[in-house]
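Enquirer: I would like the atomic coordinates for the input below:
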Amino acid sequence: MSRSNDDRFRIRPGTPKQRGDAFINKVLRQTTKVGAKLSKRAGKTGQRPGSRLGRGHVAALFAEASLTPNARRVTIKARLVHLAKAGSRSTATHLRYIEREGVDRQGGSGHAYGPTTDAANTAAFEERGREDRHQFRFIVSPEDAEQLDDLHTYTRHLMARMEADLGTQLDWVAVDHWNTDNPHTHVVLRGKADTGKDLIISRDYIAVGMRHRAAELATEWLGPRTELEIQRAMQREVDQERWTGLDRTLQREAMDGLVLPRRLSDPRLQRQRQMLIGRLQRLQRMGLATEQQPGVWAVHPKAEPTLRAMGERGDIIRAMQRALSGKQRELAVFQPGEAGHTVVGRVAAKGLADELHDKGFLVIDGTDGKAHYVTLPLQSELEQYPTGSVVEVKVPTGVRAADRNIAALSVDGIYRTDAHLVLAQSQAMHDRDPREVVVAHVRRLEALRRNGIAERINEGVWRVPGDLAEQGRQYDAQRLGGSMVVELKSHLPIEQQTRVIGATWLDQQLISGGEGLGNLGFGGEVKDAMQQRYEFLTELGLAKRRGQSVILARNLLATLRGRELTKAAQEIAVETSLEHQAARDGQRVAGIYRRSIQLASGRFAMLDNGQSFCLLPWKPTIEQQLGQQLAATQRSGYVSWELGRNRGIDI
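Expert: As a prediction, this is how the structure comes out:
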C-alpha cells in the first residue's frame, strides 16, 4: 500500500451496537430466578443477584439510609407487565378497571391524572405505549393516606423523586382509590426512558428504593410517627388473623426456625419486644407456633401461607357481607377444582380480588339459597357480568353428554343428523324442540371439527373417531385449562324478565319446571318471578293451565325469539332506511358487520350489504371484525361465520 493510500486510510468507529431485547430479557429472567432463591439470604440492599442491573440501584442505597425508625410507612406493590404476552388490550383494560365506578371519594368513577393535568387522556397514553415492550404498574398505599388527603400532589412529588433517582423523565398516569379502608393510588408507568430506549429499573429500586422514597415523602409531609402511634399500630397487629409486620420481624429474626431470647432482647427490638412476645403467644393459640422451652419459640413453617390465606378469607367474608346488605345467607367459596360443581344465581356484587393483576370476583346470590364467592379466571372482564344479571358458574365434567350421544348414535364412525332427529322426535318431550336437540349436537361437532377431531362429509353427515368422548374430554381440558366457566345466562334482572317479549332465562326455568331452585333467597324470588312470567305468557296465548299442570306453547323459545327479533328489526329499519332481510335456513349472507344489539333473547350481530340488513346470533370472535366484511350461513338456528378471506373458518 502506498503512502498516499495510508494517509487516506482512517478508522471510523460506528455507533455502539446495543444488545438486543432478547439478551436483556435473558439477563432479567436469570437474575430474577436466582434472586427469588437467594433474596431471603441476602440481608441488605445491593447484595441480591442482579440488583445493580438497571437504573436506580445507587439511589436505593441512599433512600434506605435516609429513613429513621419513626418514618411513616408506605406499602408499594409492583408488577412488570410484558405487553406482548399480556395482549394488545391489556393497557386499555387495566385503565378501565382502575377508573371504574365507585372508587373516588364521592362514590363516583375514578379519574386519571398525570404530571401536569388532573384529566389525563388515557386513550392517548395507551396509544403512545402501544409499541412498548413492557410496562410498570404500581399500587402506592400510604398508611396515613387519610391524613395526606391530597394524593394527587403526593403522587406527583413521588414520581418527580423517582425521575431524579432514575435519571429520566417518566411517562405515567395515576388514579386514586378511596373505596377501601386503605386509600391508595394506582400508577401506570410506560417502560420507555426519555431517550426512547427501554426503561430498565433496578430490582432493588422496585423492591425497596421506591417504597423508601414514598415513606420519606410522607414523613416530610406529616412528620415522624410518635411513639404512641407506633405502639398502637403494633398493638393492632398482635391479634390479627393475617400476615402482619410483627410476623415479618419474627421471620427475619428467626434462626433455623427458632426465635431465641437473645434475639428478642436485641436493642433494635426494644420497643417491639412485648408486642412480639404477644404475637408469638397468639400464634401458639392458633397452632402456628410452639414454645419449646421458656423463651424459645418455634414458628410453624407454614405460618406465612396460612396467615395470608386467613387474611384473604377475612377479606372475602367482608366483601360478601357488604354485597348482601344484611340478608341472611349461608356463605360459600366456589372451589374450581371440584369437577361438575355448578352455581347458578344473581350477581349481587363484583370487584377486583387482586387490583394489580386485574383479577376479578363475583358475589353470587345462588338459586340454592347460598351466597357464593367466585374468583374469575384471569383476563375475564367484569363488564361482561352486570350487577343483577343471571350467571352460571361451572367446572366442566370429564365427558360431555353430547359426545356420548354422538358416539352412541354413530354407525361405522358416521353420525347423521336426520337419524338423530327421528330418534329425538320419537322421544320428544313438551319442554324442548327435537330440532334444537340436534342443533346443539351439531354445534359441538363444529367445535370439534375446528380442532381436527371430527370431519363434516356432507350437510348433516359427520365422520367421528371411535374414541370421540375421550378426545372431546382432552380438548375441553386443554381449552379451559381445567378451570371454571362463567356463562352469562341473562343480562336482565329477573324483575325485568317477567314481562318482556323474548326468550328469557325465566322461560327456560318454566320449561324445566324450576328444577334445582331452592325456597330461600334468590331461589324463592325466581319461583315468584316464574309465576308472573307464566301469567304474562298466558296473556300472549303462549301458555295455559290444565288442572295443576302448566302447558307451554310448542317451540316457545323460538316463537318468543322470533317476535323480539321482528320488533328489533323494525326499529333498525326505521333508523337506517334499510330493508330487513331474514336469513333463511341454509342461506349464505354477507355484509359489513355494523354493530351488535343486546336483546332478552341474547346478543345479535347486524350485517349490512348496502340495501338490506339481517340479524344473526353474535359470537365474541367477530367483535374484532367490527366494520369489516363478513359472511355467515344459518342452519337450524346455528350460525357458521366466515372471517375475512378465510372461507370456512366457522364460529
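
Enquirer: quick one: secondary structure of Gln281?
Expert: helix (DSSP: H, G, I helix; E, B strand; the rest coil).

Enquirer: domain map for this structure?
Expert: 38-222, 227-301, 306-394, 401-482, 492-553, 562-643 (automatic domain parsing).

Enquirer: I'd like those laid out as CSV, including mean neighbour count and mean pLDDT.
Expert: Any C-beta I mention is one placed from the backbone N, CA and C, and that applies to glycine too. Converted to CSV, the domains of the chain look like this (neighbours: other CB atoms under 10 Å; pLDDT from 0 to 100):
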stretch, mean neighbour count, mean pLDDT
domain 38-222, 17, 87
domain 227-301, 15, 86
domain 306-394, 18, 86
domain 401-482, 16, 83
domain 492-553, 16, 90
domain 562-643, 16, 88
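
Enquirer: hang on, Val347 in a strand?
Expert: Yes - assignment of Val347 by three-state DSSP places it within a strand.

Enquirer: for the host helix or strand of Ala123, packing partners?
Expert: Ala123 belongs to helix 122-128 when assigned by DSSP states H and E. Secondary-structure packing of helix 122-128 (3 or more CB pairs under 8 Å, 6 or more residues apart in numbering; DSSP states H and E): helix 90-98, strand 184-190.

Enquirer: closest one to Gln427 among those?
Expert: Gln427 lies closest to helix 90-98 among the helices and strands packed on helix 122-128, at 46.1 Å (CB to CB).

Enquirer: the closest one: how far from the chain's middle?
Expert: 11 Å (CA atoms, centre = their mean, to the nearest Å).

Enquirer: could you do stretch 287-306 as well?
Expert: The mean C-alpha position of stretch 287-306 is separated from the chain mean by 36 Å, CA atoms, centre = their mean.

Enquirer: quick one: contacts of it?
Expert: Stretch 287-306 is contacted from outside by 243, 247, 250-251, 254, 257-261, 264, 280, 283-284, 307, using CB atoms under 8 Å, 6 or more residues apart in numbering.

Enquirer: hmm, back to that, give me the residues contacting the helix holding Ala123.
Expert: With CB under 8 Å, 6+ apart, helix 122-128 has contacts from 91-92, 95, 99, 112, 114, 171, 173, 188, 190.

Enquirer: which strands or helices does the helix or strand following it pack on?
Expert: Toward the C-terminal end, the helix or strand that comes next after helix 122-128 (DSSP H and E) is strand 134-142. Counting contacts by 3+ CB pairs under 8 Å, 6+ apart, strand 134-142 packs against strand 74-82, helix 151-166, strand 184-190, helix 210-222.

Enquirer: so what are the sheet partners of strand 134-142 and their directions?
Expert: With DSSP bridges as the test, strand 134-142 is paired with strand 74-82 (antiparallel), strand 184-190 (antiparallel).

Enquirer: need the residues that contact the helix or strand following that strand.
Expert: As assigned by DSSP H and E, the chain's next helix or strand after strand 134-142 is helix 145-148. With CB under 8 Å, 6+ apart as the test, helix 145-148 has contacts from 142, 151, 154, 182-184, 218, 221-222.

Enquirer: got it, and stretch 563-572?
Expert: 501-503, 578, 580, 582, 597, 599-601, 604, 606, 613, 615.

Enquirer: what of stretch 206-218?
Expert: Outside stretch 206-218, the residues touching it (CB under 8 Å, 6+ apart) are 45, 48, 56-57, 59-60, 63-64, 66-67, 71-76, 78, 80, 136, 138, 140, 142-144, 148, 154, 157-158, 161-162, 165, 202.

Enquirer: again, but for stretch 573-592
Expert: By CB under 8 Å, 6+ apart, stretch 573-592 touches 459, 569-570, 572, 607-616, 627-636.

Enquirer: could you check how far it is from the centre of its chain?
Expert: A distance of 36 Å separates the centroid of the chain from that of stretch 573-592, by CA atoms, centre = their mean.

Enquirer: quote the end-to-end distance of that stretch.
Expert: In stretch 573-592, first residue to last residue: 16 Å (CA to CA, to the nearest Å).

Enquirer: need the contact list for Glu535.
Expert: By CB under 8 Å, 6+ apart, Glu535 lies in contact with nothing.

Enquirer: let's have the chain start at 416 instead
Expert: Understood, numbering begins at 416; the last thing we discussed is Glu950.

Enquirer: can you tell me how far it sits from Thr919?
Expert: Per CB to CB, to the nearest Å, Glu950 is found 14 Å from Thr919.

Enquirer: cool, Glu668 as well?
Expert: Distance of Glu668 to Thr919, given as CB to CB: 62 Å.

Enquirer: swap in Thr721?
Expert: Counting by CB to CB, the separation of Thr721 from Thr919 is 45 Å.

Enquirer: do Arg1009 as well
Expert: Between Arg1009 and Thr919 the computed distance is 26 Å (CB to CB).

Enquirer: rewinding a little: in a markdown table: the strands paired with strand 549-557, plus distance to Gly928.
Expert: Output for the strands paired with strand 549-557, formatted as a markdown table (distance: least, CB to CB, whole Å):
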| stretch | distance to Gly928 |
| --- | --- |
| strand 489-497 | 49 |
| strand 599-605 | 48 |
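
Enquirer: of all these, which lies closest to Arg859?
Expert: strand 489-497 (35.5 Å).

Enquirer: after that closest one, which helix or strand is next?
Expert: With DSSP H and E, the next secondary element past strand 489-497 is helix 498-501.

Enquirer: show me the contact partners of that next one.
Expert: Residues outside helix 498-501 that contact it (CB under 8 Å, 6+ apart): 505-506, 544, 547-550.

Enquirer: let's go with 10 Å and repeat that
Expert: Outside helix 498-501, the residues that touch it by CB atoms under 10 Å, 6 or more residues apart in numbering are 505-506, 508-509, 544-550, 606, 773, 794.

Enquirer: which one of these is nearest to Thr782?
Expert: The closest of these to Thr782 turns out to be Gln794 (CB to CB; 27.3 Å).

Enquirer: and that closest one, how far from Thr508?
Expert: Counting by CB to CB, the gap from Gln794 to Thr508 is 8 Å.

Enquirer: who touches both of these two?
Expert: Counting by CB under 10 Å, 6+ apart, the residues touching both Gln794 and Thr508 are 501-502, 773.

Enquirer: and Ala988, how close does it get to Cys1029?
Expert: Separation of Ala988 from Cys1029 (CB to CB) stands at 11 Å.

Enquirer: again with Leu863
Expert: Per CB to CB, Leu863 is found 28 Å from Cys1029.

Enquirer: ok so, going back, mind checking which of the strands paired with strand 549-557 is nearest Val653?
Expert: Smallest distance to Val653 across those (CB to CB): 19.3 Å, for strand 489-497.

Enquirer: how distant is the closest one from the center of its chain?
Expert: The answer for strand 489-497 is 17 Å, by CA atoms, centre = their mean.

Enquirer: between that strand and helix 505-513, how big is the angle?
Expert: The directions of strand 489-497 and helix 505-513 differ by 150 degrees, with axes from the mean of the first three to the mean of the last three CA atoms, to 10 degrees as the criterion.
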